[in-house]
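Trainee: below are the sequence and a predicted model for it; my questions follow.
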Amino acid sequence: MDTITVSVYRRDPSLEKEGKFVDYEVPREEGMVVLDAMKYIEKHIDPSLSLRWNCMAGKCGSCSAEINYKPSLMCKARIDSLKSGKIRVSPIAAYPLIKDLVTDVSENWALLKRIPKFTPREGLEKPWRISQVDIERSKEFKKCIECFLCQDVCHVIREHNSDYFGPRHVVKAASLDMHPLDAIDRSEFMNKDAGLGYCNITKCCTEVCPEEIHITDNAIIPEKERAVNLSYDPLAMLVRSRRNKGGKK
Amino acid sequence: MVEIFDYDLVIIGSGLAGLRASIEAAKTGNGKLKIAIIAKNQLMRPHSISAEGGSAAVLYTDEGDSFDLHAYDTVKGSDYLCDQDVVEYFVRQAPLDILELEHWGIPWARRDDGRVAQRPFGGHSYPRATFAADRTGFYEVHGLYDTMLKYENIDKFHEQFVYDFIIEDNKFKGVTAFDIPTGEIRIFKARAGIVATGGLGRLFGYTTYSHLVTGDGLAIALRRGMRLKDIEFVQFHPTGLVPSGILITEGVRGDGGILRNAKGERFMEKYAPTKKDLAPRDIVSRSMMTEILEGKGFKGPNGLDYLLLDFSAIGAEKIKEKLSQVREIGNHYVGLDPVDSPLPVRPSAHYTMGGIDVTRTGFTGVTGLWAAGEAACLSIHGSNRLGANSTSECVVFGKIAGEDSAKWLLSDISTINLSEGERSHAENFVADAYKDKGDNDPYEIKRVLWSTMDKDAYVFRNERDLTEGLKIIKGLIDRSGKISISEKGNVYNQNLIASLEMKNLVELAEVVVNSALERRESRGSHFRTDYPKRDDENYLKHTIAQRANGGLQITYRPVTLTKWKPEARVY
Ligand SMILES: Cc1cc2nc3c(=O)[nH]c(=O)nc-3n(C[C@H](O)[C@H](O)[C@H](O)COP(=O)(O)OP(=O)(O)OC[C@H]3O[C@@H](n4cnc5c(N)ncnc54)[C@H](O)[C@@H]3O)c2cc1C
Ligand code: SF4
Ligand code: SF4
Ligand code: FES
């Protein structure tokens, strides 16, 4: 039987100081994804393996991991798209480990709560009228499935020594700021309280986003730009000089 | 170690129904109620995010839609097994609640004049599915979740596996759960509860449902002596992608996609001359299985013989523009691009019409306990749900359950005392589950369950298969008590969860198959080849299943008719 070898990070921090990679042989099937291999391990080889998953379709954002060092969704990573040889699967590293591939991403819930909520303008006639173009603009950011892969890859977040909320949260702010009927502007909050100034626009986040959201170009840079008048951010000013002003009208 | 929380209201489940309920309860309680919302996965990742097509609501009465038309479509779709008074209420409420969602940031698609756009959907005689691209449920969940965050008195508990409801003397007192990341046992004492745990779709192996939809709330209700209604009715969506079962949206056929057999024939012309490929789901699924059983399908893997969904009439441009998600699925899961190849499809388990028996406000009959969403059976969908009616139902009746329970809480001042018996039951449950009771493998039991349900309780049913299936299921129930959970660790123990879910599923399978056996007629999604006709004289009534005296008791209750008398259902 044709098989593949998957090397999976295993550790129960309540019992073990150190983690280890364990190799498993899994039958290869046409079109299989990394999550299929994990399910096979759980059902047939070692039921103690822990991982999160639900939709199996790249929509719920549960199954984040690092596959061959790249932050990816396990349900979307096709085995035949990976380079041949052993496949290395480890938990996303930016967050504390709960067990095996499961991490504690809950600090994000608290951050999301702090971003000023959707605040529709007052006195709008009901039902609201919005043009489809405007819907599309905020929808790019609303597509975010909260997989936190962008957070995982961001060096600022990984270093844990700033108050930067991280790219997912800028996407959130942008999704609200781009709503045509929203009355407030979150750029000042994002720069002052959410540490957006720490982002030096490396674009690594955009590269891993499974929803292909243009995180840096369409969310981060406009949020930086709009706040540039409020606080001095040389990098954003540089970028600004090369682009037309985007974002909210 | 047991941790005890004290709440006024506990909401179990954070799908559309649970989220909507939490918001309304917080609003109604106006700061006076302590509310907890708990779910077995992270709260923003429920199955509801999978809903693609839309939410039904009458928005344009000036252009020809009407409440009566929506109600009639629903009644006819249900094959007359819905309660018409509830349906009439539902269709009037839906537009208000759907438009309200827009004020919470849900990006409904627009017409050129900036008003909300709607699209056609199977079984609806007017284009009334309100949608947000091809991810309606996803945007709804996130919009509701954000709105919920505004209420300070809702405490959120992620990854809690609820294994029991505490009910004494027909009064609800709370739920027991364990915290999945630590394994710690938690009692959520509460004066009221809302069960919003979703359907039972993972009873089937070949399904469009997410992994976690294992009917836990229904199984617990059953064990606690509550009534389950019309549970034999399971909807099979015509276009599950072979071999995974993943959904190919009905929108494909809405846009001109055509089902074809191995001879290339457009067979739906034969079965539903008017609506053809867009006839209601039960009819299309049956037509497909007839073709397959007559040998006009293609041989598929593991007995999953299939037909083809042909995209060629839609045209490459439109496929690329409107059906990008379907393209992605095709490319990703079977390596086929619908732009130049048809996709292999076959009916896939998709929706649970039955559920916990509740009144129009979601009240279960147990003092202090409500249910909403797919877990509840309000009898809107009868024996066959129309697409787009379910997300609307979750929003409409989630709201009502939240409001009703909060009002009741504000007027009720009793306090909860747990008996010693309940407390120790809660404490010992998990310890007991860990005890080795035999050498059965929970994963293997689930595999047998799946193959049994996929074969014996699928689109076509008959006395022989159902009896055979029931025998196997009884054996599985027996074996499910004789398992060992090999992994004993407290932290994120998925082996324990899989075992508990498996137990819930086998117990529900018995109810589904039993109810199906007893219904000797064909109606909506339930088709008996040995009783191929609808029998209004004997079966225009709801099935009620309940545990009593150690066995399963099946009784019936009349259907409420208001305006529409049962007539033949032709499309
Ligand atoms: C692929 C697909 C597409 C669909 N498309 C549409 C559509 O276009 N239009 C439409 O109207 N309907 C659609 N439906 C149906 C609709 O999505 C569902 O009926 C609806 O979302 C159910 O919502 P819910 O709130 O009842 O439950 P769910 O969303 O299933 O949520 C259940 C909640 O309960 C929790 N839970 C369950 N068990 C436990 C436990 N033991 N302990 C703690 N928590 C627990 C879960 O964690 C979850 O939070 C679709 C369904 C599928 C499968
Ligand atoms: S662009 Fe900014 S947010 Fe994105 S990874 Fe780089 S530093 Fe982090
Ligand atoms: S922005 Fe993209 S990568 Fe980041 S959490 Fe959202 S979907 Fe994931
Ligand atoms: S399982 Fe839902 S995103 Fe992978």
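Mentor: Looks like it came in fine. Numbers count the residues shown, from 1 in each chain, chains lettered A, B, ... in the order given. Ligands and ions are numbered 1, 2, ... in the order given.
Trainee: who are the contact partners of residue 204?
Mentor: In the absence of a named chain, chain A is used. Counting by CB atoms under 8 Å, 6 or more residues apart in numbering or on different chains, residue A:204 touches A:153-155. C-betas here are computed from N, CA, C, even on glycine.
Trainee: was after chain B, sorry
Mentor: The contact partners of residue B:204, taken as CB under 8 Å, 6+ apart, are B:234, B:349, B:450, B:453-454, B:457-458.
Trainee: of these, which is the nearest to residue B:255?
Mentor: residue B:349 (24.4 Å; CB to CB).
Trainee: surely that closest one is in a strand?
Mentor: Yes - with DSSP: H, G, I helix; E, B strand; the rest coil as the criterion, residue B:349 is part of a strand.
Trainee: can you lay out the contacts of residue A:204 as a markdown table showing secondary structure?
Mentor: What follows is these, written out as a markdown table (three-state DSSP):
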| residue | secondary structure |
| --- | --- |
| A:153 | helix |
| A:154 | coil |
| A:155 | helix |
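Trainee: any of these buried? List them.
Mentor: Applying 16 or more other CB atoms under 10 Å in any protein chain shown to the contacts of residue A:204, the neighbour count classes A:153-154 as buried.
Trainee: filter the contacts of residue B:204 down to the ones in strands?
Mentor: B:234, B:349 (DSSP state E).
Trainee: show me which of the contacts of residue B:204 is closest to ligand 3.
Mentor: Taking CB to the nearest ligand atom as the measure, ligand 3 lies nearest residue B:349 of the contacts of residue B:204, at 28.8 Å.
Trainee: what's the closest non-adjacent residue to residue B:74?
Mentor: Distances taken as CB to CB, 6 or more residues apart in numbering or on different chains put residue B:87 closest to residue B:74, at 5.1 Å, once the chain neighbours are dropped.
Trainee: got the contact list for that neighbour?
Mentor: Contacts for residue B:87 (CB under 8 Å, 6+ apart) come out as B:71, B:74-75, B:78, B:380.
Trainee: count the residues that sit near whichever residue of the stretch 301-450 of chain B sits closest to ligand 2.
Mentor: Residue nearest to ligand 2 within the stretch 301-450 of chain B: residue B:328 (24.3 Å; CB to the nearest ligand atom). Residues lying near residue B:328 (other CB atoms under 10 Å in any protein chain shown) number 14.
Trainee: residue B:520: neighbour count?
Mentor: 13.
Trainee: spatially central residue for chain A, please.
Mentor: The centre of chain A sits closest to residue A:148, judged by CA atoms, centre = their mean, with a distance of 3.0 Å.
Trainee: pLDDT score for the residue nearest to that one when sequence neighbours are not counted?
Mentor: Distance criterion CB to CB, 6+ apart; nearest residue to residue A:148, sequence neighbours excluded, is residue A:105 at 5.3 Å. Looking at residue A:105, its pLDDT stands at 97.
Trainee: tell me where the chain is predicted with low confidence.
Mentor: Using chain A. Counting by pLDDT under 70, chain A contains low-confidence ranges at A:229-249.
Trainee: try 90 this time
Mentor: A:1, A:29-32, A:56-57, A:80-81, A:83-84, A:125-127, A:136-139, A:160-161, A:226-249 (pLDDT under 90).
Trainee: please apply the same query to the stretch 201-350 of chain B.
Mentor: Along the stretch 201-350 of chain B, the model assigns pLDDT under 90 to residues B:243-244, B:249-251, B:254-255, B:275, B:278-280, B:301-303, B:318, B:320-325, B:328-329, B:331-335.
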